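> Please find the sequence and the predicted model below.
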Amino acid sequence: MKELQNKVAAITGAGSGIGRALAVNLAGRGCRLALSDVNEAGLKETAAACDAVEARTYLLDVSDRDAIYAHAEAVAKDFGQVNLVINNAGVALSASVREMTDEDFKWIMDIDFWGVAHGTRAFLPHLISSGDGHVVNISSVFGLIGVPKQSAYNAAKFAVRGFTEALRQEMALENQPVTVSCVHPGGIKTNIARAARMGKSENAEAQRNGFDKLAMTPPEKAADIIVRGIEKDESRILVGPDAWGIEVLNRALGAAYQPLVARFSRKNLYV
């Protein structure tokens, strides 16, 4: 998708963070925007920041499968077409495998994986019909490596990666007019850690402060990298120097990266 002018882009989780930054960036490129989130006030602020283009807002809980499919139909009806979907909405959970509850495990999978999978499948027929479609699914660097106390988040983000990479190959083999990108952000300066759920023995404030120190990339910079990756049709979009470092580490060491991550985690996560 080399030309974004007048294309219709649907963005989930658009009320803050990377989602808002993506909306503003795409508005600057002339995209028409379908913005969704559970945060109505945040959505209004994002839409106001995109006032130079058509930006419609939709309240949407991506953990609700039926709501996602109804949303895709509504966006297609309101705009007449959909060219780009960015499944960005996500949450975080810090808890060990032994301590996390079934409820928390289901909560994060419903949003971070099923929200992406249902969002992709709901919009895919409309993207194909547009003749020039693109799916962008947000994974994480935690979709590249496993990290202690992030098993549930790892599970969701690894699943997003596998789902998205398989879809890209399917679209090519079927000669469909849809390209697919999987995004792996490193630490981004957003509120995701502040809003994260924590296991019962976690030092929540220390965990959140630790993440804030590791967050290297402003959301505006992240959005610019992602949009440039869309324009170049990159299959894997790495966001931030930490993401590139983790990618190199993973490729160079394979499973041998794990003792290094364990050593880092002992100093920074087990507090």
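Yes, it's here. Numbering: from 1, shown residues only.

> so Glu234 makes contact with Ser181?
Yes - shown here, Glu234 and Ser181 form a contact pair, counting by Cβ atoms under 8 Å, at 5.8 Å. Heads up, the C-betas are built off the backbone N, CA and C, glycines and all.

> Give the residue from those two that has the larger number of neighbours.
Neighbours per residue (other Cβ atoms under 10 Å) separate Glu234 from Ser181, with Ser181 holding more: 23 against 16.

> does the more buried one sit in a helix, a strand or a coil?
With DSSP: H, G, I helix; E, B strand; the rest coil as the basis, Ser181 sits in strand.

> count of neighbours near the residue lying closest to it once chain neighbours are set aside?
Distances taken as Cβ to Cβ, 6 or more residues apart in numbering place Val136 nearest to Ser181, at 4.9 Å, with adjacent residues excluded. By the measure other Cβ under 10 Å, the count of residues near Val136 is 25.

> how much space between Val97 and Gly119?
27 Å (Cβ to Cβ, to the nearest Å).

> how about the nearest residue to Val147 once chain neighbours are set aside, what does it touch?
Closest residue in space to Val147, ignoring its immediate chain neighbours: Val261 at 6.0 Å, by Cβ to Cβ, 6+ apart. By Cβ atoms under 8 Å, 6 or more residues apart in numbering, the contact list for Val261 reads Ile145, Gly146, Val147, Pro148.

> on that earlier part again, surely the residue nearest to Ser181 forms part of a helix?
No - under three-state DSSP, Val136 sits outside any helix and is assigned strand.

> quick one, what contacts it?
Leu84, Val85, Ile86, Asn87, Asn88, Val180, Ser181, Val183, Ile226, Ile230, Ile237.
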